[in-house]
Each structure stands twice: as structure tokens, then as C-alpha cells.
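# here is a sequence together with a model predicted from it:
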Amino acid sequence: DMVVRLKESKRKDLSHLKSLFVDLPGGGKITLDELAQITYQKGAAKISRDDTRRRIVVGINVRNRDLQSVVEDVQEVIDAEVSLPPGYNISYGGQFENLQSAKARLKVAVPIALFLIFIMLFFAFNSVKDALLIFSAIPLAAVGGILLLWFRNMPFSISAGVGFIALFGIAVLNGIVLIEHFKELKQQGYTNMNEIIKQGTKDRLRAVLLTASAAALGFLPMAVSTHAGAEVQRPLATVVIGGLVSATLLTLIVLPVLYAYFNPTGKRISGHKLKNKTTLLFVLLGLFGLASVQAQEQKNLSDLFELALENNAGLKAENLSVSQAKKEISTAFTFDKTRFYYEYDENNLAINNEPVDVFGVQQDFSFPTVYFASKKKEKLKYESASRQYNIAEKILKRNLTSAYYSYQFAKARQDIYQRLDSLFNRFENAARRRFELGATTYLESITARSKREQIKLDYLESKKAVSDAITKIKSIIQSQDSLAVFQEPFVRLQKDNIQIMDLEEVAFFQNQIYLSQAERRLEVQKLFPDLSFGYFQGTNSGLNSNLKGYQFGLNIPVFFNGQAAKIKSMRLAEEKAEFQAADIKIKLDSKFNLLRNRLDQLQKELEFYEGEGLNLSREILKTANRSYSSGEIDFYQYIISLENAYEIELKYLDKLNAYNQTIIAINYLTL
């Protein structure tokens, strides 16, 4: 091709083009209009080229339809009605080209996502079988996503594909919750698979529904959106909502069936480190889906009381003693075994002078007052067991209350040492910087470092005290669950109105006196004669009727020296119980007076700290910081001032803790 460019003045009229000369082979010239017809015609405003080939672009705006289906319709029309000459071809670009590229990436991303989910499941449960069981939630979720897309007449798109990836990560969470609880129940001793499945699904129904509904409701606004960008949001949200509905319903039905099939009750389940791995798995799956985390609930003193009453083994043993004593009340009316006998004696002749065969029954009874005395004794034993349980419960509450407020004391000390640690850390950095700049001596720098390390050790010790307090609370509660204790302001406790005569210990020993008296009266009643009743019938072959007879007897204790000695022993036991009751009253009264005197002394000391001491501490700290910053005091005076200020706060906490522990000892007074 040859390109000729004319001057601008000769490009305004066709006559200039027509008058152009063209050289002939023989050396002559002719005008261009003799070789070609030059006219105005309609054509493309712009000629584009791609790879040296001319390209014509036809733009189409698509509304209320997906791009894929529009392109497919265009292809059908072109194939049916357009015949292209050789060398021509049609390609589809723009958003459709981006769609095709994204589809190609999805073909790689989806398998990778599924593979990673399976790998994480395997690492968490250390079992291909368990990983496959939970992985079965993915096809169950895909069913719901596809069905809801079809129901809403939406084709598969890139946003729908992204929705499936998010859905797969969320769907397996329900399976993890369910399978893990099945394993926990089996480890707790459940052996019947039906019971495991029923109890497990019942326990985790709320968690499964909450996991699914929270995510589904979060996507609901996107699913019904009609604003700009809705064509991208609606397919994604539709897939997630539909998949979660089907995955939740089918997981509760299909997954337990598969678990029962692959885990017969006789087979052991390995569950080592399951809890930690499951926690890690939930974190990793958050990359693919949505997960909610609920903070561990902190327990106050009332909550700890409930846990201790429910779990403490010692208190359970005392409760069983009460139940045992209650059952033994019914043993008061216990009779001797009934005697059935047969007798044949040739000397025992009937009216026909022939021996008779005798059949009889005999029953022995203690004197009736013995049974009533025994019942009274058993009732008093039951009352003693009940009071012993109340004492054990009071001791448990005292120990738990003491441990709880020891924890509050340890936390308050930890807060102070944490402030000190932060303060001396900044102070050490400042002293080191001043030494580097030559503004102070090396001795000041290393002294600041030494004080910083000392405070750091004190801070670590305070943290250990908090940990020890938690350990003590756990030892009292005796629960296997993890424990978080609520931190409340460390303030004074209130003293209850205590009356020594109203204490359970006094009532218990008074009841012991009554019990000793009842036991002595029972032994006295046993001096009365026992009763014996009998009935018999005799017959022989020559008699037409039976011969009846009755028997009544008394078992009189002729030799009662042993019983009399036992009664004297019971009288001594009664006197012993009286002395023990008097002793416990004196000891409780003495301990109460000692605690009250100590409380009065501690109250006076606390009044100083709360009225003047803490104000002095704050003023010392404020003045020391200002004076050291302005250079009025040196390094050593500043350290002494800090130590004095915080020493006042620490001593106040010590006195407050001693005061509260004394209040607890008074409110739960016991020996």
C-alpha cells in the first residue's frame, strides 16, 4: 500500500484528488479520475487495528439479565443469520472476557479451598474418617445454594462462586460442633449410640442453629438488595443463605446417621488434644467463613457458691450421710425372722391315741416401747446428720468466700505492681538516656535498672498469687470446667449479727445430748420382756379335723447385769455430750471475742488509711513527680518518695484484706 498526504489547502475538495497524476510505464502521465471513481460514501468514523488486523467494536448494554446468557443468545443469532467471509472472525470482550477469566480462576480457587478445608479438618481430628464425616456438610450445603439460585431464577456467576467458597467454610462448623460433642459424650461413659446421638443433638441444637442463623441473617440484606451493585450481592447472599439452610437441616439428620454407621459403640475414639486442635480449626476456618466467639463468662461469689454446692465431693458425701440417716428411720420397726416349723412326737397323742403331725408358725417381738424409742433415736441421728451437713456447707462457704476475696486482694496488689512496673520501666529508660547524654552518673543508671528488676520480680510474684488464688478456688469448687473469676472493687465487707446460741455447732452438740439420752432410754426399754406369739395345727390319719393351738410367751431378762452396765455406759456418754456442748460454747465464744477485738483494731487502722494515709500517698506521688521533673530533688530522693507512696497503698491493701478475712471468719464462725 502507498500512502499520499496532501497539503491542507488541497484536502478540501475532491477535484484536487481527481487531478492527481499517475505515472505510466511508458513515461506518460494520466489523471487519477481516469483510473478510479472518487466519491463521498458513509463508513467507520474510526478504524481500529489489533495485530495488524482491522477491528470493529459493537457495544451492547445489558440490564436485568446476566452477561453469560446474553452472549449465548447473541452467538445463536450470529450462527444462524450471519455468514462471515474467509479471514473474518468474531470475539467477545469487555465484561464477558473478564467473566471468562474469573471462571478460569475459580476452577483453581474452589478445589484449593476444598482441599485446604479437608487438610485442616484432618489436622484437627487426626483422622481421615472424622474429616470426611464433617466434610460431608459441603455437598449438603451446595444442594441448598443451587436450589435457592434456581428458585430465584438466578444463573451461576462469579459472585455466586465466591458465595460457595464462603459457604463451604461456614458449613463445616456445624459438623465440628456436633461430632466433637458426640466424642465428649462417649468419653463421659455413654455406651448406647442412640443415647449419644439424642443427647448430643439435643445439647448442641441451639449452637448449630445459632451458627447458621447468625450468618444467614447477616447476608439477608444483600439477598434482597435492589440498589447499585445488587447484581453482584444477590447471587452471593442467595448461595450462602440457601446453603446454610440445607446444611443445617441435613447435618442434624444425615451426619448423626453417618457417625453411628462409622463409629460402633464398641470402638474407641481417639480424642487426644481434641479441644486445642478444634480451637485452632475454628480460627483457620474463619479465613473461609464467618465465626462468632463468645467470651467466657466470669463468675461472681454467688455463681461460685452454686458450682461448689453442685460439685464439691466432700459436701456430696455429707449429703449422702443425711440421706442414709433418713432411710435408717424406717429400720426402727425391724422384727425378728418368723419361725415356721414341723413337729412329730410319739408322746404327743391325739384323742384317738395316735401321734399327731404338728405344723406351726412363731414370731418374736421386742416390747412395743422399744420400737418407739428406737425410732426416736434414729430421728435424732438424722437431725445430727442434717446439722453436720449444715456445718460442712458453712465451712465450704467460709473457705470459698475467703479464697474469693483473697483473689480480689491479689488482683488489687497485682494492679499496683503493674503500675509500678510500668513507672519504673519508663524511669529506667529515662535514666539510661540521661546517662547516655552525660546528664547523670552511671550509678544512677544501674540503680534505676536494679529497682526496675526488683519491681518486675514483685510483679511476677503478684501474678503468681493471683494464679494460686484461682487454684484454691478450683480446689474448693472441684469443677472440671475452666474458670474465670469476676474482679470487683476491693472494699470492706459487712459484718453479720452473730449469736453464739444460734450457731449450727451449738445446735449439733445439743442434739448429741438428746441423742445420748435417747440411746440410754432405748437400752432401758430393752430391760422389758420380749414377746412371743405362736400358732400351730396338728392332725393324723385317724382324725377328721385339725387340732388348733396357740402359744404366748415372755422372754424375761433374768440375767441383766450386762444390760445394766450398758445403761450406765450410756449415762456416761450423755454426760460426755453435755461437757462437749459446754466446751464448744466456750470455745466459740472465746474465738468470737478474739475476732471482734482484732476487727476493732483493724478498723482503727483502716480509718487512718482511708482518712489520711491514701491522701498522703497520692500527695507524695504527685509532689515527687513534679519535684523530680523540675530538678528540685535528686534520683535517690525520688525513689524513696515513690517507695513510700506505694508502700502506703500496699499496707492499706494488707490491712483491708486482714479486715475482710476477719469479717468472713465472724460471719461463718466455726472451730
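Noted; the coordinates are in hand. Numbers count the residues shown, from 1 in each chain.
# what residues does stretch 340-348 touch?
Residues outside stretch 340-348 that contact it (CB atoms under 8 Å, 6 or more residues apart in numbering) are 355-362, 536, 538. Glycine gets a C-beta too; all of them are placed from N, C-alpha and C.
# avg pLDDT for it?
Average pLDDT, stretch 340-348: 86.
# check stretch 13-33 too.
On average, the pLDDT along stretch 13-33 is 82.
# ends of it, how far apart?
End-to-end distance for stretch 13-33, by CA to CA, to the nearest Å: 14 Å.
# gap between that stretch and the chain center?
97 Å (CA atoms, centre = their mean, to the nearest Å).
# got it, and stretch 493-508?
So, by CA atoms, centre = their mean, the centroid of stretch 493-508 is 38 Å from its chain's centroid.
# any idea how this protein splits into domains?
Structural domains annotated on the chain: 8-93, 98-285, 309-667, as defined by automatic domain parsing.
# quick check: which of the ones you listed is buried the most?
domain 98-285 (a mean of 18; mean count of other CB atoms under 10 Å).
# in terms of mean pLDDT, which of the domains of the chain ranks lowest?
Looking at the domains of the chain, the bottom one is domain 98-285 with a mean of 74.
# centre of the chain to that one, how far?
Mean-position distance between domain 98-285 and its chain equals 21 Å (CA atoms, centre = their mean).
# so that it lines up with my notes, have the first residue be 809 from now on.
Fine by me, first position is 809 from now on; the one you just mentioned is domain 906-1093.
# ok, back up a step: mind putting the contacts of stretch 1148-1156 into TSV with secondary structure?
What follows is the contacts of stretch 1148-1156, written out as TSV (DSSP: H, G, I helix; E, B strand; the rest coil):
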residue	secondary structure
1163	strand
1164	strand
1165	strand
1166	strand
1167	strand
1168	strand
1169	strand
1170	strand
1344	strand
1346	strand
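# closest to residue 962 out of those?
Lowest distance from residue 962 to these (CB to CB) belongs to residue 1169, with 90.8 Å.
# what's near enough to touch the closest one?
Contacts of residue 1169 by CB under 8 Å, 6+ apart are 1146-1149, 1342-1344.
# show me which of the residues you listed is closest to residue 981.
Using CB to CB, these come closest to residue 981 at residue 1146, 67.9 Å.
# between the contacts of stretch 1148-1156, which is nearest residue 978?
Among the contacts of stretch 1148-1156, and counting by CB to CB, the member closest to residue 978 is residue 1169, at 78.0 Å.
# and the closest one, how far is that from residue 1143?
Distance of residue 1169 to residue 1143, given as CB to CB, to the nearest Å: 13 Å.
# packing partners for the one helix or strand residue 1205 maps to?
Assigned by DSSP states H and E, residue 1205 belongs to helix 1176-1244. With contacts defined as 3 or more CB pairs under 8 Å, 6 or more residues apart in numbering; DSSP states H and E, helix 1176-1244 has these neighbours: helix 1109-1119, helix 1121-1136, helix 1250-1285, helix 1312-1333, helix 1443-1475.
# would JSON lines of the ones you listed with distance to residue 973 be doable?
Shown next, in JSON lines, are the helices and strands packed on helix 1176-1244 (distance: least, CB to CB, whole Å):
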{"stretch": "helix 1109-1119", "distance to residue 973": "42"}
{"stretch": "helix 1121-1136", "distance to residue 973": "50"}
{"stretch": "helix 1250-1285", "distance to residue 973": "42"}
{"stretch": "helix 1312-1333", "distance to residue 973": "65"}
{"stretch": "helix 1443-1475", "distance to residue 973": "55"}
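# between these, which gets nearest to residue 983?
Comparing the helices and strands packed on helix 1176-1244 by CB to CB, helix 1109-1119 comes nearest, at 31.1 Å.
# so what touches the closest one?
So helix 1109-1119 is contacted by 1107, 1123, 1201, 1204-1205, 1208-1209, 1212, 1281, 1284-1287, 1293 (CB under 8 Å, 6+ apart).
# from the contacts of stretch 1148-1156, which is closest to residue 886?
The shortest gap between residue 886 and any of the contacts of stretch 1148-1156 belongs to residue 1169, at 113.6 Å (CB to CB).
# from residue 975, how far out is the closest one?
Taken as CB to CB, the span from residue 1169 to residue 975 is 81 Å.
# swap in residue 1418?
Distance from residue 1418 to residue 975, by CB to CB: 61 Å.
# confirm residue 901 sits in a strand?
No - per three-state DSSP, residue 901 lies outside any strand segment and is coil.
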